[in-house]
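Participant: Pasting the sequence and the predicted coordinates here, then a few questions.
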Amino acid sequence: MLLEIQTYGKQVLRTPTEEIPEINDELRSFISDMFETMYAAEGIGLAAPQVDKSLRLFIVDLSPMDESEGRRVFVNPQITAFGDEKDEYEEGCLSIPTIHEIVTRPTTIRITYQDLDGNAYDEEIDGFLARVIQHEYDHLEKTLFVDRLSSLKKSLIKKTLKKIASGEIEVEASENFQL
Ligand code: NI
């Protein structure tokens with residue numbers, strides 16, 4: 001089932017998320033819907049608040065750009081450390097259609113999370129996957145990538161953000177990877 005992607009201006013994107021107490025069939029069904037929704041929108045990452053659920057959960061699938069990658073599910077993730085090195089990349093977000101801006105982030109993270117079977121992991125992750133995870137993790141922390149831009153950049157996209165909030169600009173597939 002396709003879920004509705006919540007766009008900039010919706011309160012759910014600024015609402016605290018809750019830990020998932022139990023990984024059950026209802027949750028697995030919701031995650032399956034999240035993947036369907038993400039693929040339909042041609043995204044490579046999607047967080048639960050983006051589909052109107054204030055839960056600590058996001059999904060990632062980098063296979064469109066890396067054949068060795070596939071579906072990944074992060075339940076109750078916690079980033080426990082960031083590396084010192086940083087890099088830049090032009091990010092886009094399914095909840096912020098048409099805006100793509102350079103965001104600086106650490107290249108390495110350490111993260112704990114559970115998978116769909118409740119197995120617990122503690123991993124060090126680097127490269128593009130680390131970036132996508134940080135973008136999705138931000139969604140769980142009520143943060144959007146536009147919050148991380150300079151005040152000059154913010155002022156330049158202000159009008160577009162208003163149009164998204166008023167519904168004048170809607171979710172669309174993009175040539176860029178969206179998270
Ligand atoms: Ni996003």
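Facilitator: Alright, I've got the coordinates.

Participant: Is Glu88 in contact with Thr107, as I believe?
Facilitator: No - counting by CB atoms under 8 Å, Glu88 does not reach Thr107; the two are 10.3 Å apart. Bear in mind the C-beta positions are built from the backbone N, C-alpha and C, glycine included.

Participant: Neighbour count for these two, which is higher?
Facilitator: Per other CB atoms under 10 Å, whichever of Glu88 and Thr107 has more neighbours is Thr107, with 18 against 10.

Participant: So the more buried one versus Gly45, what's the distance?
Facilitator: 17 Å (CB to CB, to the nearest Å).

Participant: show me where this protein has helices.
Facilitator: Ranges of helices in the chain, per DSSP state H, are 25-40, 127-140, 151-165.

Participant: so which of the ones you listed comes closest to Met65?
Facilitator: helix 127-140 (7.4 Å; CB to CB).

Participant: Keeping just the C-alphas, turn that closest one into CSV.
Facilitator: Taking Å, rounded to 0.1, in the frame of the first residue of the first chain, the C-alpha atoms of helix 127-140 are listed here in CSV:
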residue,chain,number,x,y,z
GLY,A,127,31.0,6.4,2.7
PHE,A,128,27.7,7.3,1.0
LEU,A,129,25.8,4.9,3.3
ALA,A,130,27.0,6.9,6.3
ARG,A,131,25.6,10.1,4.7
VAL,A,132,22.2,8.6,3.9
ILE,A,133,21.9,7.2,7.4
GLN,A,134,22.7,10.6,8.9
HIS,A,135,20.1,12.3,6.7
GLU,A,136,17.4,9.7,7.7
TYR,A,137,18.5,9.8,11.4
ASP,A,138,18.0,13.6,11.3
HIS,A,139,14.4,13.0,10.4
LEU,A,140,14.0,11.0,13.6
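
Participant: Show me which residues of the chain sit near the ion.
Facilitator: Within the chain, the residues that sit near the ion (CB under 5 Å from the ion) are 93, 179.

Participant: try 8 Å
Facilitator: 45-47, 50, 91-96, 135-136, 138-139, 144-145, 178-179 (CB under 8 Å from the ion).

Participant: Take those and keep only those in strands.
Facilitator: The members of the residues of the chain next to the ion that map onto strands under DSSP state E are 45-47, 91-92.
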